[in-house]
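Engineer: based on what follows, work out the 3D shape:
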Amino acid sequence: MANINAHDAMRELTVMLIYLSRFSQGEKFDEATDFYAWKGYNFDILNELSDADYIRQGSHPSRSKSVYITESGMEQAQKLLARYGIDDWKRS
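Structural biologist: Numbering: from 1, shown residues only. Sure, this is the predicted structure:
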């Protein structure tokens, strides 16, 4: 694998961590279609992920404590997990 600059690595790692720490609202995890994650990451990176439509931060990003993970965000995270050889959670 080629070297990656620190900014790109941070963006990739953040989208993977958001995906891996995802949760659903009141549904069984394996049946859920909507996922969220807590928002404890670099705000500039979160804004970039939002601009790329990988996450949605809501209408008041500075007040919300979680982000919504979009379908394209989940797909990107899954591709990156495969690239880095990281297994997804086995949920039941």
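
Engineer: distance of the closest residue to Asp34 other than its chain neighbours from Ile18?
Structural biologist: The spatial neighbour of Asp34 that comes closest, neighbours along the chain excluded (Cβ to Cβ, 6 or more residues apart in numbering), is Ser24 at 6.4 Å. From N, CA and C alone the C-beta is placed, and that goes for glycine too. Going from Ser24 to Ile18 by Cβ to Cβ, to the nearest Å gives 14 Å.

Engineer: what about Gly26, distance to Thr33?
Structural biologist: 13 Å.

Engineer: show me what the worst-scoring helix or strand of the chain on mean pLDDT is packed against.
Structural biologist: Using mean pLDDT, DSSP states H and E, strand 35-38 stands out as the lowest-scoring helix or strand of the chain, at a mean of 89. Packing partners of strand 35-38 (3 or more Cβ pairs under 8 Å, 6 or more residues apart in numbering; DSSP states H and E): helix 6-20, strand 66-69.

Engineer: from the rest of the structure, what touches that strand?
Structural biologist: Applying Cβ atoms under 8 Å, 6 or more residues apart in numbering, the contact partners of strand 35-38 are 17-19, 21-25, 55, 65-69, 74.

Engineer: for ChimeraX, write the selection for the buried entries among these.
Structural biologist: Here the buried members of the contacts of strand 35-38 are turned into a ChimeraX selection, burial being counted by 16 or more other Cβ atoms under 10 Å:
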select :18,19,22,55,66,67,68,69,74
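
Engineer: from the contacts of strand 35-38, which is closest to Ala6?
Structural biologist: Ranked by distance to Ala6 (Cβ to Cβ), these are led by Leu17 at 15.8 Å.

Engineer: so who does that closest one touch?
Structural biologist: 37, 41.

Engineer: center of the protein, which residue is that?
Structural biologist: Ile18 (3.2 Å; Cα atoms, centre = their mean).

Engineer: relative to Ala2, how far out is that residue?
Structural biologist: In terms of Cβ to Cβ, Ile18 sits 24 Å off from Ala2.
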